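Participant: I'd like to go over a predicted model; first the sequence, then the structure.
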Amino acid sequence: MKQFDPNWTSNSEKHHLVPNTYLKGWQHKDSIVYYIDKKENKIDFTIKNYSKNTRKIIRIDNFYSRRVGALFQSTLDCDKYFAPLKLHGYTVKKDGKEIIDSIELNNSFYEYDKWEIYDVHNNLISIDDKESLKDEIKSVHIRDLEEAWNQNYESSWPLVRNDILTEVNKNIGANKIQSIRREELVGFMVSIKWRTESASQIFEDDFNKIVQLLGLEKLLNNFISDEDKMYPFITTYKQEQQHNYLLSKFHELFNKKGPIYKEIQNISNNANLELLIPEAGYEFITSDNPVCIFQNSKNETEYIFPITPELACAVRKGNPVDKDHYFLTTLNKDEVFAYNEQIKNNCNQGYILRQSSLSPYLK
């Protein structure tokens, strides 16, 4: 993993929860896949066009941007948010007390209307200037996480995927192959899991402990006005702060600590990776929530990640752990169908095919 640089930034405002480079593994022509809505029961490729550009799937504006007002911010972040104050030479007071510390400014930003803001001549600024300043502060987006994700995982994924697939194809019939790109595969897989899945119970518990400690339960249950929303897809202060808490976990990941990093290390050091190859003529699907964890018919926990239509990765208990090899298993069509059914059921809104037919994928 590259050393995190807090000065990294990205010009991209369109953030994919599942990377475009990953979804292209299912393209049937340039960046085009077949996308099926989870709620759709009658699927007929002869009367409906299911084609969709990967650039437009699972994309939310500024989803991984950090903005002013979140509880989980560094001094460096807050200094960037409130740079307009220094630019204009403004001073902030609340209840007659001057606020200098940028983190304190951030934590009280939800009470912006109560701020008294003075210019260099110690005169209160006008209402219009105060609103203009608020817009300036809210317009600051810190996108170092999106750039860190790009540099560490997204930009290199096509090479990682192709190298693994090439190694598999060179060793058809073997029981195992060298575990090339293992660290990158695990990191990509786990980080996508955290980007797309609903908050885990551990995540919820940690967040709720912080909320209770700060006495914010009542505030966080309130709905946010459209004017004050950090993100258009979020409706309550609790959802907003949960989202920002998740971003803080990604910040920890790229600084090689925290729960995402620990999960990557746990799988890397304590699990075996089995690459699953479908029977000829059959393929894996993927979805907007591609890492699928479920209980199989033997009541065993399965952890599956589709890599391409021709290959999926299964995380297995290591006893012993063999970090030098991937184990190879060819699945018959019924086994492929069973995995695809689980991947389909695991999706949030839709699943993805390469061919314009269900027959290679599902019963």
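Facilitator: Looks like it came in fine.

Participant: only C-alpha atoms for contact and neighbour calcs from this point on.
Facilitator: Will do.

Participant: Which residue ranges of the protein form helices?
Facilitator: With DSSP state H as the criterion, the chain has helices at 20-23, 75-81, 83-88, 102-107, 127-138, 144-149, 157-170, 182-196, 201-214, 217-220, 237-254, 258-270, 333-346.

Participant: So residue 251 sits against residue 145, correct?
Facilitator: Yes - using Cα atoms under 8 Å, residue 251 is in contact with residue 145, at 6.6 Å.

Participant: what about these two, which has more around it?
Facilitator: residue 145 (24 against 19; other Cα atoms under 10 Å).

Participant: Contacts only, for the more buried one.
Facilitator: Residues near residue 145 by Cα atoms under 8 Å, 6 or more residues apart in numbering: 9, 64, 65, 247, 250, 251, 254.

Participant: Report pLDDT for the last one.
Facilitator: Meaning residue 254. For residue 254, the pLDDT comes out at 94.

Participant: Check the second one too.
Facilitator: With respect to pLDDT, residue 64 has a value of 82.

Participant: same check, this time on the first one
Facilitator: Turning to residue 9, the model gives it a pLDDT of 88.

Participant: same deal with the one 10 residues further on?
Facilitator: What the model reports for residue 19 is a pLDDT of 88.

Participant: Near it, how many residues? Count them for me, please.
Facilitator: Close neighbours of residue 19, defined as other Cα under 10 Å, add up to 22.

Participant: wait, what's in contact with it?
Facilitator: residue 154.

Participant: re the thing from before, name the member of the contacts of residue 145 with the most neighbours.
Facilitator: Within the contacts of residue 145, most neighbours by other Cα under 10 Å means residue 64, with 27 neighbours.

Participant: Just confirm that one contacts residue 248, I think it does.
Facilitator: No - in this structure, residue 64 is not within contact of residue 248 by Cα under 8 Å, at 10.3 Å.

Participant: Any figure for the gap between residue 157 and residue 188?
Facilitator: The gap separating residue 157 from residue 188 is 8 Å, by Cα to Cα, to the nearest Å.

Participant: Deepest-packed of the helices of the chain, please.
Facilitator: For these, average neighbour numbers computed from mean count of other Cα atoms under 10 Å are highest in helix 144-149, which has a mean of 22.

Participant: Need the pLDDT of residue 347.
Facilitator: Note for residue 347: predicted pLDDT of 93.

Participant: what's the answer for residue 100, then?
Facilitator: What the model reports for residue 100 is a pLDDT of 96.

Participant: Around it, how many other residues sit close by?
Facilitator: 11.

Participant: Among the contacts of residue 145, which one lies nearest to residue 113?
Facilitator: Each of those was scored against residue 113 by Cα to Cα, and residue 65 proved nearest at 24.2 Å.
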